[in-house]
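*Asks:* Sharing a model prediction with you, sequence too.
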Amino acid sequence: MATIKDYLDNVLSDDGLKTDIKITMTDQTLRKTSMYAVGTAFVITLIVFGVRGVVKNMEKMGQLNR
């Protein structure tokens, strides 16, 4: 398994940043990346709906206390 240092060595050289970087996407990497993207979108959606619900409840409580 490659370490972060190996990745950085592939990106940086003695002359500076390498611009000819080749990324290989295997089926497994593509599946993992897709699942991370779908999972992230799901979590963000849950957070937005949760915050929206909390704000609505706070507004209702503010109206009741007036």
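*Replies:* Happy to help now that I have it. Numbering: from 1, shown residues only.

*Asks:* C-alpha from now on. contacts and neighbour counts both.
*Replies:* OK.

*Asks:* in this protein, what spans have low per-residue confidence?
*Replies:* Counting by pLDDT under 70, the chain shows low-confidence ranges at 1, 20-21, 63-66.

*Asks:* most centrally placed residue in it?
*Replies:* Nearest residue to the geometric centre of the chain (C-alpha atoms, centre = their mean): Thr40, 5.8 Å.

*Asks:* what ranges do the helices span in the protein?
*Replies:* 4-11, 27-65 (DSSP state H).

*Asks:* So which bits of the longest one are buried?
*Replies:* Buried residues in helix 27-65, defined by neighbour count with 16 or more other C-alpha atoms under 10 Å: none.

*Asks:* How far off centre is it?
*Replies:* Its chain's C-alpha centre and that of helix 27-65 lie 13 Å apart, by C-alpha atoms, centre = their mean, to the nearest Å.

*Asks:* quick one: the residue nearest to the centre of the chain from Thr26, how far?
*Replies:* Thr40 sits at a distance of 21 Å from Thr26 (criterion: C-alpha to C-alpha, to the nearest Å).

*Asks:* Against Glu59, how distant is Val48?
*Replies:* 17 Å.

*Asks:* Equivalent analysis for Ala2, please.
*Replies:* Taken as C-alpha to C-alpha, the span from Ala2 to Glu59 is 51 Å.

*Asks:* Please report phi then psi for Met25.
*Replies:* phi -100, psi 110 (degrees, to the nearest 10).

*Asks:* start at 253 instead
*Replies:* From this message on, residue numbering opens at 253, which makes the last subject Met277.
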